[in-house]
Structure formats: structure tokens, C-alpha cells
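Visitor: Okay, predicted coordinates and the sequence, questions at the end:
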Protein chains: 2
Amino acid sequence: MPDSAPESLPSGGGKRRKAAKRHTAGVKAVAAAAGVSLGTVSNVLNRPEVVSPLTRAKVEAAMASLGFVRNESARQLRAGSSRILAYLMLDAGNPFFTDVAKGVEEAAQAAGLSVFLCNSNEDADREADYLDLLEQQRVQGVLITPIDQNSSRLRKLPSRGTPVVVVDRNIDDGEHCSVAVNDILGGELAIAHLLELGHERIAYVGGPNTIGQVVDRRDGARRALRKAGKPPENLIELTTGALTVAEGRGAGQRLAGLPAARRPTAAFCANDLLALGLLQQCVSLGLRVPEDLAIVGYDDIEFAAAAAVPLTSVRQPRQLLGRTAAELLLDESSNPDHEHQRVTFTPELVVRTSTRGTL
Amino acid sequence: MPDSAPESLPSGGGKRRKAAKRHTAGVKAVAAAAGVSLGTVSNVLNRPEVVSPLTRAKVEAAMASLGFVRNESARQLRAGSSRILAYLMLDAGNPFFTDVAKGVEEAAQAAGLSVFLCNSNEDADREADYLDLLEQQRVQGVLITPIDQNSSRLRKLPSRGTPVVVVDRNIDDGEHCSVAVNDILGGELAIAHLLELGHERIAYVGGPNTIGQVVDRRDGARRALRKAGKPPENLIELTTGALTVAEGRGAGQRLAGLPAARRPTAAFCANDLLALGLLQQCVSLGLRVPEDLAIVGYDDIEFAAAAAVPLTSVRQPRQLLGRTAAELLLDESSNPDHEHQRVTFTPELVVRTSTRGTL
DNA sequence: GTGAGTTGCTGAAAGGTTTCAAGAAGATTG
DNA sequence: CAATCTTCTTGAAACCTTTCAGCAACTCAC
């Protein structure tokens, strides 16, 4: 990587303490300092209302002066409950998922919980590692957009007491709730739109096929063709290795390299990152969008509207997706009568210049 | 929010268990099942090489059949160490920070640690809450891009044993390492470029001024003017409430509303999100970029190059920033001779159409 | 066949918190 | 003033793991 070299590593400040030793005072020290018992300190922490204002003040003063920091491991070990939710994301670099995360955070905050974000980065091993870790941490629950929805790990968690809600994917194995958007319908909307504009040869850009969304959107595309009475070969599949801008550029290269006669006149991309990369590459190789190649993306991320050619895209209710998922998770972990649910939202096509041309 | 309503909440699968009780087997149960002692099970977990292959197999079989999941709280309480780093981000929705996070994950993975991402979302209260939480969790260390670099909390953590590295900001209080890019220089580069193109009245779009980067980049801008012998009033400050696309659009609205005579001919934005919003709004209001308004962004996120008008931007070594920060943190928590360092990288101007026009 | 060295396993203690039954002190009632 | 309630506080047990000194059994050399 030809990135900037450090300009200076100079002056820096290795002043104080070296490798700091943990020297935190515990409840015991606080109790001694305040002249009360352990139980009382714990009460100040957990049930302030049962302790008299005077003692409480003493204890709080002691905590402040000793710099007491509650040891959450010990708390959780004894109390058995965690105040943390985790959202294991498919790709933290994709604005779609960070918007979903915002919805999750919103719901968690309302319930007084905190959220840890984990990024599997479309890597099944990392996903598995994180699932193990989160289970060992005994988090209150896990939200996940899985790369591998059939992972045995995924199915095992709930039966061992860690609730799991699957986000942006519908799974019906009776073990978790799931919240999704109808991806088949989304694919259908996209292709129906392109067919209506008169396109015949259409590329589908997406991959890998282990990702459920990629498959569903493609199946929706096929369905649209079928409904329109077109042969399935009219959908040309361009498989990518990931759902990223860089892969989109690669696909653009491949597409633009085809002789004009054989080249599709439109491309439907499994997400907006691919679409933006494809768009960028095609434009820079001299193809006109949408005249030479119409492009439809998926997700309608914020950057889609600001692209070189504003992107037609299939919009999903991102924050709502996250919020709903978190609420289901909270219900599962607090409501003894919880029943697993599958919630499905409906996507919506947003038409912009990349298919329709200037108005 | 006029977002899609649930299409169906039907069929769902409330089949199995309701609110699952935690019924995890512990080391004790495993020991009993395998016919060995607690200590041996622990050895299998932590020092597999000291236990004979035969016993190890028995124990592992017992673990598998009981579905043993190690309780990390107990482990950490006793062993005293956590295998987790946290990166507390300023804005998880900003691709710049997710790229930094990638660098962090890379370095952590190489060291066998996991990363939890937290999003303060430019909210000082949330930042404070997360800092408390992470300290209580006794994470191995905290990486943070602070919204409030003078927070007392921030300074207290290291003295209590939680190493902190400040990312994308230089602080010299002798309490932490920090890794940053020279933002003053970055601002200077941007403005020098605009001056060279002949612009006289230049807007600086950014805010709030509690964020260090916003201030430094502005100061760099001022310095460039001074060096060129221009009066400081030539820099017109447009203060925003956050560094987001939406705020950028708002600023665009304000700019475009000015009479052409008083309107700046160029705008330098504190980050690319603002720049993209500004660009989008200005274009949609009929301004031509760069003819009516030249725009320079900051960060050079992946989407900058794919924008309606490819964006001139100040590039920072994002992943390197994260990787370096994580490495410093690891050094701090493992090397007894650790000395705090301030590492500064050098930014680089990437010129594109938004200032230079078509070539 | 004795003593020293290995190897593998054991059992109790420790880590910091929460919980809970029970006690102490003070207030209220008849 | 005894009896009953309240209001606060207490101390020990429990949560699940890791650690470590020590023990048993075996091997090896002389």
C-alpha cells in the first residue's frame, strides 16, 4: 500500500506510567472506606431507594474518591444477566447495514441497553468466531445478518439460551425470529421496470451465491422474466466474489469488454455498492448510462442518489428493519410468552436517471 | 417515516421453547461426565498440551455432548484479562471510519483478539456511556475517535488500567498514544489548491466546532490564506450541526440561496459526506460544479470518486490509521516498557472534476 | 532396587459481585 | 410499656472459572 509514511514519530509523550497495572478499588474497599458493609454498597449500586440518603451519600463519596469502577464480569457472573445486545453485521462498510444498526441502537437505547457492533465482513470464519465469542460473553441477545444461514452454530445458540434474531433474511426453522424485506419481490420490481423500458438482454450482477439475498433477488428477477413470457436466458448472470464497490468495478470491466452486439443493455445489481462500482467503471470506459447501459441497484443507500448518474434502486426500510429486529429480541428475552415471528416488509422501486434518462 | 408497512406477520413459527432458560453445563458437569477433575477440564481449555491425548479426548467428547460453552465472565474474573478491543467510533455511518475500523480489525485479528465496534454517533452522552461501559467490561483496551477530547472520562481511563489510544486526533496529555493525520496541513492543501485556481471567496463548511478535526481543517484553511497574503474574511464559515450528507444538503441550500454576486465561488467541506450533500443539493438547484461552485471534500471515501461530479478530496491513509492505532494499543497492554507515542501521517490532495472541470 | 526426574491429574482457594434471610434500631400502636 | 411494624443494614453463600502446590505413578540410570 503506497500510503503516506509517518511524518514524524518524535516528541511523543512517554511520560507517566508504563504498562499500567490494574489497581481498581472493589466494593470491599468502598465498604471499608464508607464504614458500611458489602451488602450496602451493592444496594447503593442496584437498589438505591432502599438505602438511607445519608449512607448513600457516604458510599457515593467513597466510590468517587477511590475511583471505583464496577467489575462487570463479576456482576454478570453473579447476577446472570447482561445489558448488552450485539449486532453481527455482514459488512460494516455498507451504509445499508450501518443504517440498520442505527435502528437497532435506537431501540436498544430506549430499553436501556447498549449495542456492540461486530463485522463479519462476509467471512464465514469470522462470523463463526464472533458467534462463539458472543455466546461465551453471554450477551443478552444477538442480531445477525448471516453469511451462512444454515450454520449449525446459528441454530444452536437459541437452544442454549442466547436469543437470536435474523435480520434481512427470513428463516423458518422455529428457532428464531426474523425480519426481512421481500427480496424476491424486490428483484421482480427491478426487472419489471427494465422490461417495461424495453430491455431484452439484462445482466444480473451479484455474488457469492451463499448469500441469501443474492439468490432471492436473482430469483425475483427470473420470476419477472417468466411472468413477462421471456426466456430465462435473457438474464445473464455475472457472479461477483463479494458485494463491494471494487467487485462492481470488476464486473463493469467485464461488461464493457463485451462486443456491443452481445452486451446486455441493462444491469441489475444485487446491491448499490456493486451498482456504484459498475457505474463508475462503465462511465470511465466510455459507456453512456442509461443509453448504452441502464443500471438498477438495490438498497437505495444515501449515496445512490448522489452518484455520477443518480441510481435507480430498490429501497428498503433500513432503520425500521433494525428497530423491529431489536424489539423482537427484547421481547424474546423478557416476555415468557414470546412467540417467534417472521416479519416481512415490502420494498419499493425508486426510479432515477440511471434507467430513465433525463426527464 | 412513511416506510413500508409489514406485508405480513403471519404463519410465523412460535414452535419450540418460549423464553429459553439458560441451561448451560459448566466445567463441573463436564468434569463429572468425563470422569476427571475440574482442573483437568480447565487444562484442556487453556493448556491442552499438558493433558494426555486420551483424557483430552474424553473431556472434549463430554464438552461436545453437553454443549459446553465457556463462561467468559467467570474466566475473565478469575484470569483478569479480556481478549477484546473496542473501537468507539464518531460515526459508524461514515465510510471513513468503517475503513479505519477495518484496519483495527486487521491488526486485532493478527494478534488473536476480537473487536467490538461502538458508535457514539457524534453524541457526547453516548460517548460517555460507552466509555463507562467499556471500562466496566474491563476490555483490553479502547480505541476512540472522540467527540469531546477533553472529557475527564477519557483521561481517567488509562490511570485506572484501561489503555486508550486516540484515533484521528493528536492529544498530548501524556496519558495516551494517538494516531492522526495532519489536519492543518490537509486544510492548507485544499485551500492552496483553490487559490491556485483563482478562487477568492471560499466557503468553509463544517461543524460543530467541538470536533477537533473541524477546527484544525479550518485553521489550515486560514493559514493557506495568510500565506497567500489574502485577508481572512475571504473564508466564509458555514457552520453545520453535524458531519453528514443531510447537513451538507442544508448548507447547499443556504449557499445556493445567496445572490450570485455574494456567493463564494468555491467550498471546502470538513468531510466528504458534507461535500456530497452539498454537491447534490447545488446541482439539483441548478448550480454547475465546478463552474459556479468548486467543491473540495475531505477523506476521499470510496464514494467521492463515484459522485455526480467526481470529488476533489484530501485523502487520508484510513486503514493504516486504524492498524497503527491498534498496534500501539497492543504494545501498551503487553510491553512493560511501552512509551506513549504520537504518530502523525501526511494527507494528500486528490484532484478530480469538482474543482478542475473536465480535462 | 533405590533415588531422581517426568508426566498427568487433583482439589482447594481465589477473584468481585449480588442475593437473601435475618438482625438491629427506631417508630407506631393499643 | 409491651408488642408490632418499618426501615436499614449486615454477613455469608453463591456464581463459574483459573491457578497452583502437591500427589501418584511411571521411567530411567546406576
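Guide: On my side now, so go ahead. Numbers count the residues shown, from 1 in each chain, chains lettered A, B, ... in the order given.
Visitor: Please, which helix or strand holds A:Ala101?
Guide: helix A:95-110 (DSSP states H and E).
Visitor: Quick check: buried residues in the very next helix or strand once past that helix?
Guide: Note on helix A:95-110: by DSSP H and E, the next helix or strand toward the C-terminus is strand A:114-119. Within strand A:114-119, the residues that count as buried by 16 or more other Cβ atoms under 10 Å in any protein chain shown are A:114-119. In short, each C-beta sits where N, CA and C put it, glycine included.
Visitor: So is strand A:114-119 next to chain B?
Guide: Yes. Using Cβ under 8 Å from any Cβ of the partner chain, strand A:114-119 comes into contact with chain B via A:114-119.
Visitor: got a markdown table for the residues you listed, with distance to A:Gln280 and pLDDT too?
Guide: Below are the residues of strand A:114-119 next to chain B laid out as a markdown table (distance: Cβ to Cβ, whole Å; pLDDT from 0 to 100):
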| residue | distance to A:Gln280 | pLDDT |
| --- | --- | --- |
| A:Ser114 | 38 | 97 |
| A:Val115 | 33 | 98 |
| A:Phe116 | 34 | 98 |
| A:Leu117 | 28 | 98 |
| A:Cys118 | 30 | 98 |
| A:Asn119 | 24 | 98 |
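Visitor: The residues you listed into a markdown table, with extra columns for distance to A:Arg126?
Guide: Shown next, in a markdown table, are those (distance: Cβ to Cβ, whole Å):
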| residue | distance to A:Arg126 |
| --- | --- |
| A:Ser114 | 22 |
| A:Val115 | 19 |
| A:Phe116 | 15 |
| A:Leu117 | 13 |
| A:Cys118 | 9 |
| A:Asn119 | 8 |
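Visitor: neighbours of the closest residue to chain B within the stretch 251-359 of chain A, just the number please.
Guide: Taking Cβ to the nearest Cβ as the measure, the stretch 251-359 of chain A has A:Glu339 as its residue closest to chain B, at 2.9 Å. By other Cβ atoms under 10 Å in any protein chain shown, 13 other residues sit near A:Glu339.
Visitor: ditto for A:Ala101
Guide: So A:Ala101, with other Cβ under 10 Å, has 26 neighbours.
Visitor: how far away is it from B:Thr240?
Guide: To B:Thr240, A:Ala101 is 23 Å away according to Cβ to Cβ, to the nearest Å.
Visitor: Over to A:Glu188?
Guide: 40 Å.
Visitor: now A:Leu243
Guide: 31 Å.
Visitor: pLDDT below threshold where in chain A?
Guide: Applying pLDDT under 70 to chain A flags residues A:1-23, A:358-359.
Visitor: how about the residues of it that lie near DNA strand D?
Guide: A:36-40, A:43, A:50-52, A:54-56, A:74, A:77-78, A:80 (Cβ under 7 Å from any atom of the strand).
Visitor: filter those residues by proximity to chain B?
Guide: Within the residues of chain A next to DNA strand D, those near chain B by Cβ under 8 Å from any Cβ are A:74, A:77, A:80.
Visitor: Which of the residues you listed fall within helices?
Guide: A:74, A:77 (DSSP state H).
Visitor: Closest one of the ones next to chain B among the residues of chain A next to DNA strand D to DNA strand D?
Guide: A:Leu77 (4.2 Å; Cβ to the nearest atom of the strand).
Visitor: my guess is that closest one contacts B:Ser73, does it?
Guide: Yes. Counting by Cβ atoms under 8 Å, B:Ser73 is a contact partner of A:Leu77 at 4.3 Å.
Visitor: Settle it for me: which of those two has more neighbours?
Guide: More crowded of A:Leu77 and B:Ser73, by other Cβ under 10 Å: B:Ser73, with 23 against 18.
Visitor: What are the neighbouring residues in contact with the more buried one?
Guide: A:72-74, A:76-77, A:137-138 (Cβ atoms under 8 Å, 6 or more residues apart in numbering or on different chains).
Visitor: try 7 Å this time
Guide: A:73, A:76-77, A:138 (Cβ atoms under 7 Å, 6 or more residues apart in numbering or on different chains).
Visitor: Which residue is the nearest non-sequential neighbour of A:Leu287?
Guide: A:Leu293 (5.2 Å; Cβ to Cβ, 6 or more residues apart in numbering or on different chains).
Visitor: Test my guess that that neighbour contacts A:Cys282.
Guide: Yes. If you go by Cβ atoms under 7 Å, A:Leu293 and A:Cys282 touch, sitting 5.7 Å apart.
Visitor: Now do the contacts for A:Ile171.
Guide: A:Ile171 neighbours (Cβ under 7 Å, 6+ apart): A:149, A:178.
Visitor: now it, what's its secondary structure?
Guide: Following DSSP: H, G, I helix; E, B strand; the rest coil, we place A:Ile171 in the coil state.
Visitor: Spell out which parts of the stretch 251-359 of chain A neighbour chain B.
Guide: Neighbours of chain B within the stretch 251-359 of chain A, by Cβ under 7 Å from any Cβ of the partner chain: A:276, A:279-280, A:302-303, A:305-308, A:317, A:320, A:332-333, A:335-346, A:348.
Visitor: Show me how to select, in ChimeraX, the buried members of those residues.
Guide: Here is the ChimeraX selection string for the buried members of those, based on 16+ other Cβ under 10 Å:
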select /A:276,279,280,302,303,305,306,307,308,317,320,332,333,338,340,341,342,343,344,345,346,348
